[in-house]
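A.B. asks: Have a look; sequence and predicted model below, questions after that.
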Amino acid sequence: MSENDKQFLLNKIKELNADLVQKDRIIENFKKEMISANKRLESLIAQINRHYKLLQKLQYQLVPTELPNIPGFDFSHKFLPSFISGGDYFDIYNEKKNLKFGVFVSSCSGHSASALLLSVLLKSSEELDKTKYTSSKKMLMSLLKELKEELGEADRVSLIYATIDRRTLQIKVSRLGSCLGYILRGKELIPLGVESSEFSNDFHDEINEAQLILEPKDQLIFVSSGLIKVQNLEGEEFGLERLFQSALGAASGVHELRNSILMAVKKHSQGGELKQDLTVVTASVKGNVLKLAGS
């Protein structure tokens, strides 16, 4: 090998070494940037988790533990939180004159959407009170008008709202999405509300209002979407048919009705963890209730 060839090879080796040194520096800088990015990501995840737990705690604290005493009606309820995906809320509103009341059950796509719904309910309480006991449709229209302005693109809300007049036993019901309601009358289940899509920021469906007359000894069932979607170990959902069977097979009594539904859900889940919050609210019209005189 000539001296020129040797010198050429040496120069090439130097160039390659210089390239390797430069690439090592780039890799080292990249590693430092990745470490820094991971630390920022870990901090962001920790912050999100703190916010999530705060929203979760807020939701659980606002879910009522005691229901109002409304003459002529008995109530029973159960709220089971999920540590995977939460978002249920329910309440029973009682008019000051004790002549009308409302039952509200909602299921959101997550704690953030649920917290948003709760904030609208609290912030708009005075405005909502104007329609809360007269029309389920107008109440939801008022609620959703404000909610729509704040809802994220991925947020989804299902809910059912019923207002009941103790003077006439008339019940007005509106619902959106997969929260469900039924009247259990003897061995017949009567659906409450008209089927509609869930609420989102691009919701354009008409809100319908169904009107029925309750009878003494009627029982009411309200469930969130999480109950229907409870899965067993094979991934099979609880579904409507099992809900119907558990309701129709319940012993007489509002608490027995609630327990029958929950026991059927527990049996179906086979001990699996809840993937969504689960809410059941049951009510019964007392057998000796009398329609009140006109307002």
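C.D. replies: Cool, the structure landed. Numbering: from 1, shown residues only.

A.B. asks: Out of the helices and strands in the protein, which is least certain?
C.D. replies: The least trusted helix or strand in the chain, going by mean pLDDT, DSSP states H and E, turns out to be helix 3-62, with a mean of 64.

A.B. asks: Show the average pLDDT along the helix or strand following that one.
C.D. replies: As assigned by DSSP states H and E, the chain's next helix or strand after helix 3-62 is strand 73-80. For strand 73-80, the mean per-residue pLDDT is 92.

A.B. asks: which residues in the stretch 101-250 of the chain form strands?
C.D. replies: Secondary structure of the stretch 101-250 of the chain by DSSP state E, counting those that start in this stretch: the strands cover 157-165, 170-176, 180-185, 188-191, 210-213, 219-223.

A.B. asks: Name the residues that touch the second one?
C.D. replies: Strand 170-176 is touched from outside by 135-137, 139-140, 157-165, 181, 183, 192-199, 203, 205, 207-214, with contacts defined as Cβ atoms under 8 Å, 6 or more residues apart in numbering. Yep, even glycine has a C-beta here, placed from its N, CA and C like the rest.

A.B. asks: What subset of those is buried?
C.D. replies: Neighbour-count burial (16 or more other Cβ atoms under 10 Å) is assigned, among these, to 135-137, 139-140, 157-165, 181, 183, 192-193, 196, 198-199, 203, 207, 209-210, 212, 214.

A.B. asks: okay, K132: pLDDT?
C.D. replies: 86.

A.B. asks: What is the neighbour count of it?
C.D. replies: 22 (other Cβ atoms under 10 Å).

A.B. asks: pLDDT below threshold where in the stretch 151-295 of the chain?
C.D. replies: For the stretch 151-295 of the chain, the stretches flagged by pLDDT under 70 are 288-295.

A.B. asks: Dump the strands of the stretch 101-250 of the chain to CSV, plus distance to H268.
C.D. replies: Conversion of the strands of the stretch 101-250 of the chain to CSV gives the following (distance: least, Cβ to Cβ, whole Å):
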stretch, distance to H268
strand 157-165, 21
strand 170-176, 24
strand 180-185, 17
strand 188-191, 18
strand 210-213, 29
strand 219-223, 14
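
A.B. asks: Apart from its chain neighbours, what residue comes closest to E153?
C.D. replies: With Cβ to Cβ, 6 or more residues apart in numbering as the measure, N201 is the residue that lies nearest to E153, at 6.3 Å, once sequence neighbours are left out.

A.B. asks: wait, isn't that neighbour in contact with L151?
C.D. replies: Yes - the criterion here is Cβ atoms under 8 Å, and N201 meets it with L151 at 4.5 Å.

A.B. asks: Across the sheet, point out what pairs with the residue nearest the centre of the chain.
C.D. replies: The central residue of the chain, meaning the one whose C-alpha is nearest the mean C-alpha position (Cα atoms, centre = their mean), is S107 at 2.0 Å. Residues found in beta-bridge contact with S107 (criterion: DSSP bridges) are D88, S158.

A.B. asks: List the contacts of the residue lying closest to V157 once chain neighbours are set aside.
C.D. replies: In space, and not counting its chain neighbours, V157 is closest to F199: 4.3 Å by Cβ to Cβ, 6+ apart. Under the criterion of Cβ under 8 Å, 6+ apart, the neighbours of F199 are L144, L147, K148, L151, R156, V157, S158, L159, L176, G177.

A.B. asks: just I261 next, same as before
C.D. replies: Taking Cβ under 8 Å, 6+ apart as the criterion, I261 is in contact with I221, V223, L227, L243, S246, A247, A250, V280, T282.

A.B. asks: 7 Å instead, please
C.D. replies: With contacts defined as Cβ atoms under 7 Å, 6 or more residues apart in numbering, the neighbours of I261 are L243, S246, A247, V280.

A.B. asks: Ok, Y133 next?
C.D. replies: Counting by Cβ under 7 Å, 6+ apart, Y133 has contacts E95, K100, G102, T163.

A.B. asks: for these, which one is nearest G87?
C.D. replies: Taking Cβ to Cβ as the measure, G102 is the one of the contacts of Y133 closest to G87, at 20.3 Å.

A.B. asks: I am finished for the moment; much appreciated.
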